[in-house]
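Undergrad: next input, structure requested:
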Amino acid sequence: MWPNGLGLMIYNGVNGLIYYSSMAARVFVSNAGFVATIAVGGYFFPEETVAGMAGAVAIRGATWLTKAVDDRCRVHVADVIDKFLDVAPRSVTMGYLNATRVIGGPQRSVSTSIATNPQLTWVNESLATELVSPLLEESIFRVGLQEGLALGLIAAGIPRSAASFLSGAIAASLFAGAHNVDPRSRQYRDTLVSGIGFGIMMYLHGLPGAVVAHSANNAGVRLERFLRG
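TA: Numbering: from 1, shown residues only. Next up, the predicted model:
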């Protein structure tokens, strides 16, 4: 055993040196979701994985920038949705709230199962937020909602560029609402910005790029939270 729990070095006489580091193992397990996403994505979708990582950096930067502007100038892209819901008929507002509740149902069910099912205790926060959530939410909001709406709008005669913009905006707003229905809340505003970023990644690099960006973004949020104590 090396000092400070660095690990063991073993020679099995056949395959050479095997190194096990308890410290590295702890780092791996605590970030298993992100590691698995990057490993699988890098193997099957190398270009999309690189794009997703770069996209996550841009998304974290955009989130920070919009937060700084909001704190200083009280201006945020979420204000558009907030004002729309204020002036929209009650039926539209209630429809939006019900839609966020229904669409966010699968993620809430999975989160509840992970938190309460003893058989799922091995699913730590990293696996939940950096593997399970990105796969599930991107499948629902980007593939099902964004792409589905775009196809429907195109079939209705709307130009592809306009259909892509509208479907991406709707999907991002519902994505934010599924996390917190109040457009004035910090969670809604940050999630809206990241949702817009994931939508752009879906449009440019498909589902693999969106999932990797989502996973890396969530890893960045966890790291930031850790550094802030």
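
Undergrad: from here on, contacts and neighbour counts on C-alpha atoms
TA: Fine.

Undergrad: for the longest helix along the chain, name the packing helices and strands.
TA: In the chain, with assignment by DSSP state H, the single longest helix is helix 186-227. Here helix 186-227 touches helix 32-44, helix 46-73, helix 78-87, helix 133-137, helix 160-179, going by 3 or more Cα pairs under 8 Å, 6 or more residues apart in numbering; DSSP states H and E.

Undergrad: dump the ones you listed to TSV, plus distance to Leu227, mean neighbour count and mean pLDDT.
TA: What follows is the helices and strands packed on helix 186-227, written out as TSV (distance: least, Cα to Cα, whole Å; neighbours: other Cα atoms under 10 Å; pLDDT from 0 to 100):
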stretch	distance to Leu227	mean neighbour count	mean pLDDT
helix 32-44	18	19	94
helix 46-73	15	17	97
helix 78-87	27	14	96
helix 133-137	22	20	97
helix 160-179	23	21	96
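
Undergrad: I'd like those helices laid out as JSON lines, including distance to Glu147.
TA: Listed next are those as JSON lines, based on distance: least, Cα to Cα, whole Å:
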{"stretch": "helix 32-44", "distance to Glu147": "21"}
{"stretch": "helix 46-73", "distance to Glu147": "18"}
{"stretch": "helix 78-87", "distance to Glu147": "21"}
{"stretch": "helix 133-137", "distance to Glu147": "13"}
{"stretch": "helix 160-179", "distance to Glu147": "7"}
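
Undergrad: among those helices, which is nearest Leu145?
TA: helix 160-179 (6.1 Å; Cα to Cα).

Undergrad: run the chain-centre distance for the closest one.
TA: In terms of Cα atoms, centre = their mean, to the nearest Å, the centre of helix 160-179 is set 15 Å apart from its chain centre.

Undergrad: could you do stretch 102-121 as well?
TA: With Cα atoms, centre = their mean as the basis, stretch 102-121 stands 16 Å off its chain's centre.

Undergrad: who's in contact with that stretch?
TA: With contact meaning Cα atoms under 8 Å, 6 or more residues apart in numbering, stretch 102-121 is reached by 123, 128, 133, 136-137, 140, 174-175, 178-179.
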